[in-house]
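**Student:** model this:
(chains A and B)
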Number of protein chains: 2
Amino acid sequence: MKTPNIKIVGAGLLGTSLGLALTKHGITAQLADQSKANLRLAIEYGAGQETGSEPDLVVVCVPPDMTAEVIARELEKHPSATVTDVASTKAQIAQEVKELTTEHPRYIGSHPMAGREKGGPGKARADLFFARPWIIAAESNAASDRIEEIRDLALRLGALPQQMTPQDHDSAVAIVSHLPQLAASLVAARLNSANPSHLDLAGQGLRDTTRIAASDPELWLQILNQNAAQIAPLLSELSSDLDEISKSLSDPEASGSLAKLHAVLERGNQGVSKIPGKHGGKYAEYEQVTVIIDDSPGALAALLTFIGEIDVNIEDLKLEHSPGAEIGLVELQVMPSSAKQLISSLTESGWRLV
Amino acid sequence: MKTPNIKIVGAGLLGTSLGLALTKHGITAQLADQSKANLRLAIEYGAGQETGSEPDLVVVCVPPDMTAEVIARELEKHPSATVTDVASTKAQIAQEVKELTTEHPRYIGSHPMAGREKGGPGKARADLFFARPWIIAAESNAASDRIEEIRDLALRLGALPQQMTPQDHDSAVAIVSHLPQLAASLVAARLNSANPSHLDLAGQGLRDTTRIAASDPELWLQILNQNAAQIAPLLSELSSDLDEISKSLSDPEASGSLAKLHAVLERGNQGVSKIPGKHGGKYAEYEQVTVIIDDSPGALAALLTFIGEIDVNIEDLKLEHSPGAEIGLVELQVMPSSAKQLISSLTESGWRLV
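**Tutor:** Sure, this is the predicted structure:
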């Protein structure tokens, strides 16, 4: 690949990480940011430099609701460059860019599906994009050589480029990312009025369903607002199921009442089985083996070393803590064909299974 | 402790696990089950025997909506025994027992907070209760010597007994267990109508928020129905927040519209920070360090061995998979005081951080 001149606008978490990744691959990016402090910090970290020759590719990494405006400005400032961005929604931004400038055909949006709960250049990492999907949200009439430039960038960083239309992208993230975010916030919001001693009984279920509720409210306000059209029908379906459940629980004697609650639980069963597991397998196909270990990193290392030696492949692993106890429970997901061997080897060697 | 005569009624997952745990601690329980096949299987596994002398303690381990009736029968069959159960809700069962028999003062409910997604005697494990909370749901006028018998049982099995009223128990599990279960089912139910290719973009957020939607619908129908009174107000609060969000997203220009969406996200932030972390610390206090490893159990073992050697304590660990990539991302939670040392040691030794 020919080495492109790349300009990054916005030296926050994503922009700085992008700069660091390019530096690592021998490309010095040109960096720009409204905040002189952010810019200086990113440059000191080694994410690029302030000056550079005319860019081939501009990557806009500013907050979602400033993105369209900055894209339009960069399209006009660099009349032959391809311009892309990294925002989490794509259709509304593409529409706004069209309205803002006639230079819009050189804009092709993208969405590297990478991020961390905490933002800012200080949290940036060169490997942030490594092995993550990088969606290229191209309209069907987009120029293929410009798509290729963005694909090259993604591949250089070790990301997994995947092309779809902006509309398709937005409808995908509405269900895999935005709906879960809202559900987590809604459940977590209830915890504020809970008796604190009741929360001491929290197990992995509550932790898992609410973990992403810790995300940045300002960022998510912008994301959700930009994707409102795709999220709304999902919320309305959810709300109608919720009403059914509430009615069912308030009057269980009514005819068909429990059948409706049962149907939602059944559809939940079916829905979760549709999520692909590791390597495209279905999660539901795995068998869970739970092992009790001492609460020390050495114990988990010893367990995994043992499993490596008996040559069993772990599809997934989760540590679960017992509230108030100095032990950990390791939930291993394995293929059913390996489960029997794993269980008997572990038991014979004195590991404690739950 | 004096060795008690224990009778277990119901040889499913919990009853059989209880029998196995008692066998391990030198106590042969008397087992009973309506299903001859279940009973024979549990006995073959070593969970106890069919006959026994008059029990001191009867533990009822049948499905939730048969529990009250079986408790009443056992109270009358064994006129001096203490009777307890293991169902996930407590107030309604206690009420039904009162209505069914004048022998009710010898019943004190309990709820070992342990279980597995799959049921049946074949999934039973002697260590199922180890290091798990075991709630003893006793009314204020309960006889303390009978409470003591149940506490002794829990302690023998390595569980962590904790006493509260049935009402307090039910209100605690409504928020830490029943609400998350319903939210997970409601989100997962949406996946049935999703474009399957969109689900290929699922990340850890969707997986975590929907994992428990895989639970048994028949069992959960009974649990939710028995705790309807405690769940209803939580669902109604959730529903009203959901309406606010839907209105806000459908008309973002309306005055105060975005402020309402923002408020729910903020309250989600605050709520999740109230969940206790390991050893009573708050999850929000930990710092996350994410390491890229090869997708093999050996690689994770090597990472944890390394971390054990530099003497950094891991508060929590989660494996995250990159869809379509043969690598894994290990999310480590550590105390902020250890994060800097961990990051620099890992980086110096060539580990790749995200």
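**Student:** thought residue A:274 was touching residue B:189?
**Tutor:** No. The criterion here is C-beta atoms under 8 Å, and residue A:274 misses it with residue B:189 at 10.8 Å. Heads up, the C-betas are built off the backbone N, CA and C, glycines and all.
**Student:** compare those two and say which is more crowded by neighbours.
**Tutor:** When residue A:274 and residue B:189 are compared for neighbours, residue B:189 comes out ahead with 24 against 17, by other C-beta atoms under 10 Å in any protein chain shown.
**Student:** tell me which element that one falls in.
**Tutor:** Of the helices and strands defined by DSSP states H and E, residue B:189 is found in helix B:179-190.
**Student:** same question for the helix or strand that comes right after that helix, mean pLDDT?
**Tutor:** Next along the chain after helix B:179-190, taking DSSP H and E as the criterion, comes helix B:196-199. Confidence over helix B:196-199 (mean pLDDT, whole number) is 93.
**Student:** re earlier: I'd like the distance from the helix holding residue B:189 to the chain centre, please.
**Tutor:** On the basis of C-alpha atoms, centre = their mean, to the nearest Å, the separation between the geometric centre of helix B:179-190 and that of its chain is 16 Å.
**Student:** quick one: contacts of that helix?
**Tutor:** A:175, A:179-180, A:183, A:186-187, A:190, A:205-206, A:208-210, A:234, A:237-238, A:241-242, A:245, A:264-265, A:267-272, B:206, B:209-213, B:215, B:220, B:224, B:231, B:234-235, B:238 (C-beta atoms under 8 Å, 6 or more residues apart in numbering or on different chains).
**Student:** not counting its neighbours along the chain, what's nearest the residue of the stretch 251-354 of chain A found nearest chain B?
**Tutor:** As assessed by C-beta to the nearest C-beta, chain B sits closest to residue A:268 within the stretch 251-354 of chain A, at 3.0 Å. Counting by C-beta to C-beta, 6 or more residues apart in numbering or on different chains, residue A:268 lies nearest to residue B:185, which is 3.0 Å off, once chain neighbours are set aside.
**Student:** helix/strand/coil for the residue of the stretch 251-354 of chain A closest to chain B?
**Tutor:** Using DSSP: H, G, I helix; E, B strand; the rest coil as the criterion, the local structure at residue A:268 reads helix.
**Student:** residue A:330 too?
**Tutor:** Secondary structure for residue A:330, judged by three-state DSSP, is strand.
**Student:** that one and residue B:131: what is the separation?
**Tutor:** Distance check for residue A:330 against residue B:131: by C-beta to C-beta, to the nearest Å, it reads 13 Å.
**Student:** now do the shared contacts for the two.
**Tutor:** With contacts taken as C-beta under 8 Å, 6+ apart, the residues that reach both residue A:330 and residue B:131 are residue A:292.
**Student:** just the pLDDT at the single nearest residue of the stretch 1-150 of chain A relative to chain B, thanks.
**Tutor:** Using C-beta to the nearest C-beta, the closest approach of the stretch 1-150 of chain A to chain B is made by residue A:131 at 3.6 Å. Looking at residue A:131, its pLDDT is 84.
**Student:** mean confidence score for the helix holding residue B:189?
**Tutor:** pLDDT averaged over helix B:179-190 equals 97, rounded to a whole number.
**Student:** grab the nearest non-local neighbour of residue A:93.
**Tutor:** Leaving out its chain neighbours, residue A:93 is closest to residue A:68 (C-beta to C-beta, 6+ apart), at 4.9 Å.
**Student:** looks to me like the one you found is in a helix.
**Tutor:** Yes. Using three-state DSSP, the secondary structure at residue A:68 is a helix.
**Student:** ok, now which ones touch it?
**Tutor:** Contacts for residue A:68 (C-beta under 8 Å, 6+ apart) come out as A:92, A:93, A:96, A:97, A:100.
**Student:** where in the stretch 101-250 of chain A is pLDDT low?
**Tutor:** Within the stretch 101-250 of chain A, the ranges that satisfy pLDDT under 70 run A:116-118.
**Student:** is the top helix by length along chain A in proximity to chain B?
**Tutor:** Under DSSP state H, the helix in chain A containing the largest number of residues is helix A:228-250. Yes. With C-beta under 8 Å from any C-beta of the partner chain as the measure, helix A:228-250 is seen reaching chain B through A:228, A:231-232, A:234-239, A:241-243, A:245-246, A:249-250.
**Student:** any idea how far the residue in the stretch 101-250 of chain A positioned nearest to chain B is from residue B:204?
**Tutor:** Residue nearest to chain B within the stretch 101-250 of chain A (C-beta to the nearest C-beta): residue A:185, separated by 3.1 Å. Relative to residue B:204, residue A:185 is positioned 16 Å away (criterion: C-beta to C-beta).
**Student:** who has more neighbours, these two?
**Tutor:** residue A:185 (28 against 17).
**Student:** surely the residue of the stretch 1-150 of chain A closest to chain B touches residue A:155?
**Tutor:** No. Counting by C-beta under 8 Å, residue A:131 does not reach residue A:155; the two are 11.8 Å apart.
**Student:** where along the stretch 201-350 of chain A do the strands fall?
**Tutor:** Using DSSP state E, counting those that start in this stretch, the strands assigned to the stretch 201-350 of chain A run over residues A:287-294, A:316-321, A:327-334.
**Student:** no more questions from me, cheers.
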